[in-house]
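[1] After the sequence you'll find the predicted model.
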Amino acid sequence: MSTVIVCPRCGCACDDVEVVVRDGRVAEARGACEAGRRWLLAPRPEEEPAAVVEGRPVHDDEAVRAAARLLRDARRPLVWGLVRTSCEAVRPAVEIAERLRGAIDPAAGPNHPDAVAAFAEWGEVTTTLGEVALHRALVVLWLADPAGTHPRLLERFGVAGDESRVVRVRAAPGGGDWTVPPGRELETLWLLRELARRRMDGKAASGPVPDPADPSAALAARLLDRIAAAPYVAWVFDAPLGAGQQHALRATAATLNAVTRVRLVPLRGGGNRVGAEAVLTWQTGFPIAVDFSAGWPRSLGRGTGAARLLETGAVDAALVVGADPAELPDEPAFARLRDLPLVLLDSEPNSLDGAARVRLRSAPGGLASGGTLFRMDGVALGLRPAVGSRYPDEETWLRRILAALREGRP
Amino acid sequence: MTERLRIRGGAVYDPANGVDGEVRDVLVEDGRIVAELPDDAPALDARGLVVFPGGVDLHCHIAGQKVTAARRLSPDRARAEGLPAPELEDGAGRAGTGGTVPSSFATGYLYAGLGYTSAVDAAIAPLGARHAHAELADVPILDSGFLALLGNNALLLSLLERGERERFTEAAGWIVRSAGALGMKAVNPGGVAAWKAGGGNVAGLDETVAGTSLTPRAIVTALADAAAELGLPHPLHLHCNNLGVAGNVETTLATMAALEGRRAHFAHVQFHAYGGEPGGLPACAGSRVAEYVNAHDNLSFDVGQVLFGPATVMTADEPAGWLLHRLTGRRWVNVDVEAETGCGIVPFEYRDRNRVHATQWAAGLELFLLARDPWRVVLSTDHPNGASFRSYPRLLRLLADRAFRDEEIRRLPEGALEGSALADGLDREYTLSEIAIVTRAAPARLAGLVRKGHLGPGADADVALYSRDGDVERMFASPRYVLKAGTVVLEDGELRRSVAGRTLRAAPAVDDGAGERLRAGFESRYSIRLESYPVEARLLRGEPPELTPAPAGASRPRPPKGEGGDRGRVDRRGGRRSGA
């Protein structure tokens, strides 16, 4: 039996992967990239009990009660993760945080709050993936190579194997004409914006005239010529850029629209990271780091983010859903999760397994459970499970915990 | 269990049923209005109150990709207005944030807090339909739906260019059905496609759209015909070319003339009612649009009133968003949606000392005050573009209280009213019955929502009760009671209960093979497979609404006062719906 699924492995969320199931297990994953195939074909023996409390296998009901008790006893619990979590399961996660006047933060790398802040400062010009191929766009890879993280992205852009429509800007030597002088990435972006403004207005904008002999200015000028000659440009960058570049990219891309259509493509996603932020945004007004301690949602970005709350001891229990700190860049604050009373709900083996007082196992989203997932570009897709699982899905677990919390309200 | 309620002794304003302030009982059973109830049914004392049907917003932006992006763009506004959870009986109230784009739970509560119980988001890209449905499910109390953006759809435009009109209509129907939409919308037809392709905007009805032989005229007439042929109860909902530009009234009137003999609804027509020279200052030309509509009963419009204060410009008209960004130099979101449309978002503020903003304010009021047939006028601020929906009570006072209006007019900068009928003063004051029409009965009828906007037997028991007050703003800002589908959600001015809303959608009958016939064209343009496009049935909430049957073989509007016999349940659920 085969099912065409939506692969949740990276932000491309390819919806054309055909999974062949034999004896209840995935035997083939046709059309998947190597990373997707590895994940889809990984053995999932499901030998672990669905629910473990204090190291002891227990009935689901008992585990749900224990999880609710642990969270209710906290002064201010943290709900963290939501990487592998469908939009449907994010809803009860937010409600749990709100009901307990806790905090909720989707797991992300340490620079992500800078990207969120840059969006609020400048906005963002962007596109869904398909428009790039439709316009036979020029693809600028800004210090990024999607081959490792988003293997089929260039195929989707219609430029796989066609380097004539790809500009690879590299920081390291070896980038040829498109090498950024070391340490001058940020300056190059602002110079590009300055040059675009001059071309657009036909007169001197603010600031000194860029010196054409300067390697940074020369690169900016070459980029502008190349961009101006294209009808449409997809500017791909990787999420971990620092605050300066996050701001400069958004400002520059907006300005470049006086020359041609330039669209940013941040390499995001994997699982339902983008969807989790979307649900949080529509329910609370904020995409990350939402604190309910006042009785309504507040967010100060990094200031109310999980790392800061853990570092300062502001939270005293945690519910980790569908994420593993070991999958993120090293962040010492996350080590503190191990010291807190912890409920862990995940479909994958997790570095917090040994530390969790309550460990709940869920069916892997996208493979064995359905729901809605957002692709990196914000396009929502319906997941189509291909196999069964003896574990409940995340939404079911979270709704049961929520129901137990409601019953226990004073 | 049978839930009954006798709303006793209120002054009822139910213009769809010819009731104008008569004191009578309104009877509720199992979520619907009924003709009779036993004498011992529980009663709600409405003596001294006025009783309206629940409000229906036919043109707002409350969900989907652009609304979520607008929130990300303005965390400062959300931070400035934290909203604690309402104290509901079941303890299940949810907190949120306000600002010009309130969070989803807050949106439902705030609308209900004004007596509104239904709302239609006027611009959703079909590719974003799944997101919109998921978000609308988190807007409590309101029955809600959306219009699907079709005016720049590459697949449709290519069928039209090839002259394949039947396939064009079939494809439009398949898209509306796949998206779970209530109707069709066109935004700057052709202009967005041209702009995305690197060209400029299209500036006139007969200008060719870059890279094609099509004109906006060809697109709007084909879509208006398609809506009629598919039997959609709401006609084409049209945002004309040249939004917000001085002199655009000529384009608007030309578009209206192009649609002669066809039904069409013109969106936020205030933004399309400016005289003056292109590139110069806009002048008030609302009177010209009102005159034209007065003489053509195939047309209706919502106003898109501007009110002074913070707003968020949020539009599928990408080139308009770009222009505004260039003008203000402010933060700007632009999202291209493959093969379909896009969106532009710019936070904004209208100031009464700004001459252009004052002209926009006046153009809207002219439209309201000069339109003779309220049944073809819908109250809107194009939330959050002209102002937040939370300003509706203030707008109602401007319409119903001439002294207040004249006071406001005196504050405007010199020259703002040049050429405006308002400059000489307009006597008209909206009556309560007219208010009930433009906020309830007309939008419901224009959307084809048979059970909304009135209080006759069979209607959904969506009811708003207000205390009569000389200050119309205060009156409509704080209803005493609001019922949604028979549940008293707001009691003594406080939100006490919340119910889930239903999805307002029309599922036009299309041939089973329609999707398959589109496959090649679809998959060469989209980055998803055809199968991933139709929204899953589980995302559509509740039974489909009862809709007006399409007038046979014609696209003329129904007469305003017709009642009874021609209303009936239409089952348009034939055809295939692909699910998960």
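    Everything's here; your move.
[2] For the lowest-mean-pLDDT helix or strand in chain A, give me every contacting residue.
    Of all regular secondary-structure elements in chain A, judged by mean pLDDT, DSSP states H and E, the least confident is helix A:185-201 with a mean of 91. Around helix A:185-201, the neighbours that count as contacts under CB atoms under 8 Å, 6 or more residues apart in numbering or on different chains are A:143, A:171, A:180-181, A:204-205, A:207, A:210, A:216-217, A:219-221, A:223-224, A:228, A:244-245, A:248-249, A:251-252, A:255-256, A:258-259. Quick note: C-beta positions are derived from backbone N, CA and C, even for glycine.
[3] Could you restrict those residues to the ones contacting chain B?
    The subset of these within reach of chain B, by CB under 8 Å from any CB of the partner chain, is A:Ala258.
[4] I only care about the contacts of helix A:185-201 that end up buried; give me the ChimeraX line for that.
    Selecting the buried subset of the contacts of helix A:185-201 in ChimeraX, with 16 or more other CB atoms under 10 Å in any protein chain shown as the burial test, is done by:
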select /A:143,180,210,216,217,219,220,221,223,224,245,248,249,251,252,255,256,259
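[5] Tell me which of the contacts of helix A:185-201 fall in strands.
    Helix and strand membership here follows DSSP state E; of those, not one is in strands.
[6] how close does A:His135 sit to chain B?
    A:His135 is 7 Å from chain B, where distance means CB to the nearest CB, to the nearest Å.
[7] returning to that earlier point: how about the CA coordinates for the least confident helix or strand of chain A, as PDB?
    As requested, C-alpha coordinates have been extracted for helix A:185-201 and formatted as PDB (Å, rounded to 0.1, in the frame of the first residue of the first chain):
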ATOM      1  CA  GLU A 185      28.700  41.200   5.200                       C
ATOM      2  CA  LEU A 186      26.600  43.800   7.000                       C
ATOM      3  CA  GLU A 187      28.300  46.700   5.300                       C
ATOM      4  CA  THR A 188      27.900  45.100   1.900                       C
ATOM      5  CA  LEU A 189      24.100  44.800   2.400                       C
ATOM      6  CA  TRP A 190      23.800  48.500   3.400                       C
ATOM      7  CA  LEU A 191      26.000  49.500   0.500                       C
ATOM      8  CA  LEU A 192      23.700  47.600  -1.900                       C
ATOM      9  CA  ARG A 193      20.700  49.500  -0.400                       C
ATOM     10  CA  GLU A 194      22.500  52.800  -0.800                       C
ATOM     11  CA  LEU A 195      23.400  52.000  -4.500                       C
ATOM     12  CA  ALA A 196      19.800  51.000  -5.200                       C
ATOM     13  CA  ARG A 197      18.500  54.200  -3.700                       C
ATOM     14  CA  ARG A 198      20.800  56.200  -5.900                       C
ATOM     15  CA  ARG A 199      19.800  54.300  -9.000                       C
ATOM     16  CA  MET A 200      16.100  54.700  -8.000                       C
ATOM     17  CA  ASP A 201      16.100  58.400  -7.200                       C
END
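[8] Am I right that B:Val28 falls within a strand?
    Yes - when DSSP: H, G, I helix; E, B strand; the rest coil is applied, B:Val28 is found to be in a strand.
[9] Can you give me the neighbour number for it?
    In terms of burial, B:Val28 registers 28 neighbours under the definition other CB atoms under 10 Å in any protein chain shown.
[10] Quick check, pLDDT for it.
    Turning to B:Val28, the model gives it a pLDDT of 98.
[11] and if you look at B:Ser555?
    According to the prediction, B:Ser555 has pLDDT 43.
[12] cool, the one 4 residues further on as well?
    In the predicted model, B:Pro559 carries a pLDDT score of 39.
[13] re the thing from before, the contacts of helix A:185-201 in helices, which ones?
    Within the contacts of helix A:185-201, membership in helices is found for A:216-217, A:219-221, A:223-224, A:228, A:244-245, A:248-249, A:251-252, A:255, as judged by DSSP state H.
[14] Tell me which two of the residues you listed sit farthest apart.
    A:Ala228 and A:Gly244 (24.7 Å; CB to CB).
[15] one step back: gap between the least confident helix or strand of chain A and the chain center?
    Remark: helix A:185-201 is offset 29 Å from the chain centroid, using CA atoms, centre = their mean, to the nearest Å.
[16] B:Asp406 belongs to a strand?
    No - under three-state DSSP, B:Asp406 sits outside any strand and is assigned helix.
[17] ok, the nearest residue to it once chain neighbours are set aside to chain A distance?
    Across the structure, with CB to CB, 6 or more residues apart in numbering or on different chains as the measure, the residue nearest B:Asp406 apart from its sequence neighbours is B:Gly425 (6.6 Å). As for B:Gly425, its distance to chain A is 42 Å (criterion: CB to the nearest CB).
[18] Any stretches of the stretch 51-200 of chain A with poor pLDDT?
    Counting by pLDDT under 70, the stretch 51-200 of chain A contains low-confidence ranges at A:174-175.
[19] of all of it, which residue lies closest to chain B?
    With CB to the nearest CB as the measure, A:Gly130 is the residue of the stretch 51-200 of chain A nearest to chain B, at 3.1 Å.
[20] Touching, that residue and B:Glu338? I think so.
    Yes - here A:Gly130 reaches B:Glu338: they are 3.1 Å apart, a contact under CB atoms under 8 Å.
[21] Identify the contacts common to the two.
    B:Arg525, B:Tyr526, B:Ser527.
[22] Can you tell me which of these has the most neighbours?
    Neighbour counts for the shared contacts of A:Gly130 and B:Glu338 peak at B:Ser527, which has 27 neighbours (criterion: other CB under 10 Å).
[23] Not counting residues beside it along the chain, what's closest to that one?
    Here the residue nearest B:Ser527, using CB to CB, 6+ apart, is A:Gly130, at 3.4 Å.
[24] Same check on A:Ala35?
    Distances taken as CB to CB, 6+ apart place A:Arg9 nearest to A:Ala35, at 5.5 Å, with adjacent residues excluded.
[25] Please, where are all the strands along the stretch 151-300 of chain B?
    Secondary structure of the stretch 151-300 of chain B (DSSP state E, counting those that start in this stretch): strands at B:183-187, B:237-239, B:264-266, B:274-275, B:283-284, B:299-302.
[26] Show me what the third one packs onto, helices and strands only.
    Meaning strand B:264-266. Taking 3 or more CB pairs under 8 Å, 6 or more residues apart in numbering or on different chains; DSSP states H and E as the contact definition, the neighbouring helices and strands of strand B:264-266 are strand B:237-239, helix B:249-258, strand B:299-302.
[27] hmm, who's touching it?
    With CB under 8 Å, 6+ apart as the test, strand B:264-266 has contacts from B:58, B:220, B:224, B:234-238, B:240, B:252, B:255-256, B:272, B:293, B:298-302, B:446.
[28] which of these are buried?
    Those of these that meet the buried threshold are B:58, B:220, B:224, B:234-238, B:240, B:252, B:255-256, B:272, B:293, B:298-302, B:446, by 16+ other CB under 10 Å.
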